[in-house]
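Q: Predicted model and sequence below, questions to follow.
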Amino acid sequence: MIALNMLPWPVLLAALAGGYLLGSIPFGLILTRYAGLGDVRAIGSGNIGATNVLRTGRKGLAAATLLGDALKGTLAVLLAGRFGLEAALVAGFGAFLGHLFPVWLGFKGGKGVATFLGVLLALSPLGLLAFAAIWLGLAFTLKYSSLAALAASALTPLVLWALGQPAVACLFLLLAILLWWKHAPNIRRLIDGTEGRIGQKG
C-alpha cells in the first residue's frame, strides 16, 4: 500500500514532469504513421486517440493506441509511487495533462479517457471495475459511448470516496472536470441529438 507522506517539492516537481512526459507520448499518431497511414489528425475528428484511429479501419492499431494511452498513465503512477502517494497522484495528474496537452503537438492532444483509466488502474483497481460496470451498463442501454464515459468519470470520485480513498477521489474529481471540458463538442451533440450511437453507421 502506498503511504501518504509529505514530500519535498523537487520530488513532486520531478513526478509531475516525468508523468507529463510519459503522458505526452502520442501513441495514436506514432502507430498510424509507422503503419504508413499518414497523420491521423487529418481524418475524422482530428483527434489522436483510439476512437479516431479506429476510423482508419485498423482495429488492431486502435486497440494498441488505447492500450498505450492507458498504460502510460499506469506507468507514470507506478514509477512515482515508489516515493509515496503524493508523488503517485502528482504523476497521474501530469500524465493526464500530457495526454490532453502534449508539447510535441502544439498542446493539442486527446480527450483523456484511456489515460484516465490507466491512472485509475494504478491507484484503484476496484475503482476501475466500478467505472467499467457503469460504462458498460450505460453504453448497452443508451448506446452512447461518450455519455457512458462522461457519466462513469463523474461518478468515479464518489466511488473512490466510498472506497476510503479521499486523496485519490480528489485527483479524479479534477481529472473528470478536465475530461468533461475536453468532451464539450460531444456534450453539445448529445444535447442536440446529433451524437453518434454505438453501432450507428454513416
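A: Sure thing, it's come through.
Q: Any chance you could list what contacts the longest helix anywhere in the chain?
A: The longest helix of the chain (DSSP state H) is helix 59-80. Residues from elsewhere that reach helix 59-80 (Cβ atoms under 8 Å, 6 or more residues apart in numbering): 15, 18-19, 22-23, 25, 27-28, 31-32, 35, 37, 49-51, 53-54, 56, 87-88, 90-92, 94-96, 98-99, 110, 114-119, 121-123. From N, CA and C alone the C-beta is placed, and that goes for glycine too.
Q: Now list the buried members of those residues.
A: Buried members of those, counted by 16 or more other Cβ atoms under 10 Å: 15, 18-19, 22-23, 25, 27-28, 31-32, 37, 49-51, 53-54, 56, 87-88, 90-92, 94-96, 98-99, 110, 114-119, 121-123.
Q: Now, those residues that are in helices?
A: Using DSSP H, the buried ones among the contacts of helix 59-80 in helices are 15, 18-19, 22-23, 27-28, 31-32, 50-51, 53-54, 87-88, 90-92, 94-96, 98-99, 114-119, 121-123.
Q: helices or strands next to the helix or strand of the chain with the lowest mean pLDDT in the packing?
A: When the helices and strands of the chain are scored by mean pLDDT, DSSP states H and E, helix 50-54 comes last with a mean of 77. Using 3 or more Cβ pairs under 8 Å, 6 or more residues apart in numbering; DSSP states H and E, the elements in contact with helix 50-54 are helix 27-34, helix 59-80.
Q: any idea which of these scores lowest on pLDDT?
A: Among these, helix 27-34 has the lowest mean pLDDT, at a mean of 87.
Q: What distance do you get for the residue of the chain most remote from its centre to residue 162?
A: Relative to the C-alpha centroid of the chain, counting by Cα atoms, centre = their mean, residue 8 is the outermost residue, at 27.3 Å. Counting by Cβ to Cβ, to the nearest Å, the gap from residue 8 to residue 162 is 32 Å.
Q: again with residue 92
A: Distance from residue 92 to residue 162, by Cβ to Cβ: 20 Å.
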